[in-house]
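Q: Generate a structure from the sequence data that follows.
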Amino acid sequence: MPATRVAVFVGSLRKESFSRKIAQALAELAPEGMTLDFVEIGQLPLYNQDDEPNPPESYRVFRQTVASADAVLFVTPEYNRSVPGALKNAIDVGSRPYGKSAWDGKPGAVVSVSPGAIGAFGANHHLRQSLVFLNVPTMQQPEAYIGNVTQLLDEGGKLTNEGTRTFLAKFMQSFAAWIEAVKKAS
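A: Model prediction:
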């Protein structure tokens, strides 16, 4: 059986972002048969529908990358109770042109990350609203709000908290099962 290819989108563009570090931990904890491919979003120009007749090459490459993935995983911080602008822009780029969304039908999951206690709850749920509209069947349980992230990582950015490691490993096992369930249902 071929490996399940999951496209990973990190909401923060910051080089040392906590979201990226948690995404890297998720990649290490992915079950056998699942490959996580990080898709960079910072190079995408802001979406402008006027550009659709002749879209930037980066749009074409991004849309093709999303379309070729078996599933999508979003790991995001919270900016002003929502997702970062770069992530929202990537979602918009992939959803166009209208009627040809690269996201359509891709099984998905959301992990939100914050140095604060509530684990970017607002961003997690705001992102889910967009995913519902885009027909991304998003895993409902377990939910993943990673709060107090600064206490979970060492100076090198590696996950040190065993409880969190166990939770994230179970999350990835559940995501693998979710991907299979969505594939069987379609």
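Q: Please count neighbours and contacts with C-alpha atoms only from this point.
A: Will do.
Q: Buried residues of stretch 52-68, list them for me.
A: Under the neighbour-count criterion of 16 or more other C-alpha atoms under 10 Å, stretch 52-68 has 59, 62-63, 66-67 buried.
Q: And the helices in the chain?
A: 18-29, 57-68, 85-94, 121-133, 162-185 (DSSP state H).
Q: Tell me which residues are up against stretch 137-147.
A: 105-121, 124, 128, 131-132, 171, 174-175, 178, 182 (C-alpha atoms under 8 Å, 6 or more residues apart in numbering).
Q: any idea how far that stretch is from the chain center?
A: Distance of stretch 137-147 from the chain centroid (C-alpha atoms, centre = their mean, to the nearest Å) equals 11 Å.
Q: Model confidence for the most centrally placed residue in the chain, exactly?
A: Among the residues of the chain, the one closest to the centroid is Phe74, at 1.2 Å (C-alpha atoms, centre = their mean). Here the pLDDT value assigned to Phe74 is 98.
Q: residues in contact with it?
A: Contacts for Phe74 (C-alpha under 8 Å, 6+ apart) come out as 8-11, 108-111.
Q: measure it to Pro56 for me?
A: Remark: distance between Phe74 and Pro56 (C-alpha to C-alpha, to the nearest Å) = 23 Å.
Q: Then Ile146?
A: According to C-alpha to C-alpha, Ile146 stands 35 Å off from Pro56.
Q: swap in Pro77?
A: 27 Å.
Q: any low-confidence regions in the chain?
A: The model of the chain has pLDDT under 70 over residues 1.
Q: Residue most distant from the centroid, it?
A: Of all residues in the chain (C-alpha atoms, centre = their mean), Pro53 lies farthest out, 28.1 Å.
Q: how close does that one sit to Leu134?
A: Separation of Pro53 from Leu134 (C-alpha to C-alpha): 22 Å.
Q: Also Phe175?
A: Phe175 sits 19 Å away from Leu134, going by C-alpha to C-alpha.
Q: more neighbours, these two?
A: Phe175 (25 against 19; other C-alpha atoms under 10 Å).
Q: ok, that one touching Val110?
A: No. The pair Phe175 / Val110 is not scored as a contact, 10.0 Å apart, by C-alpha atoms under 8 Å.
Q: Next, the contact list for Val10, please.
A: Under the contact definition (C-alpha under 8 Å, 6+ apart), the residues listed for Val10 are 19-20, 23, 38-41, 74-76, 87.
Q: what's near enough to touch the closest residue in space to Pro77 that isn't next to it in sequence?
A: Once flanking residues are discounted, Pro77 sits nearest to Val113: 4.9 Å by C-alpha to C-alpha, 6 or more residues apart in numbering. By C-alpha under 8 Å, 6+ apart, the residues touching Val113 are 18-19, 22, 75-78, 119-120, 145-147, 149.
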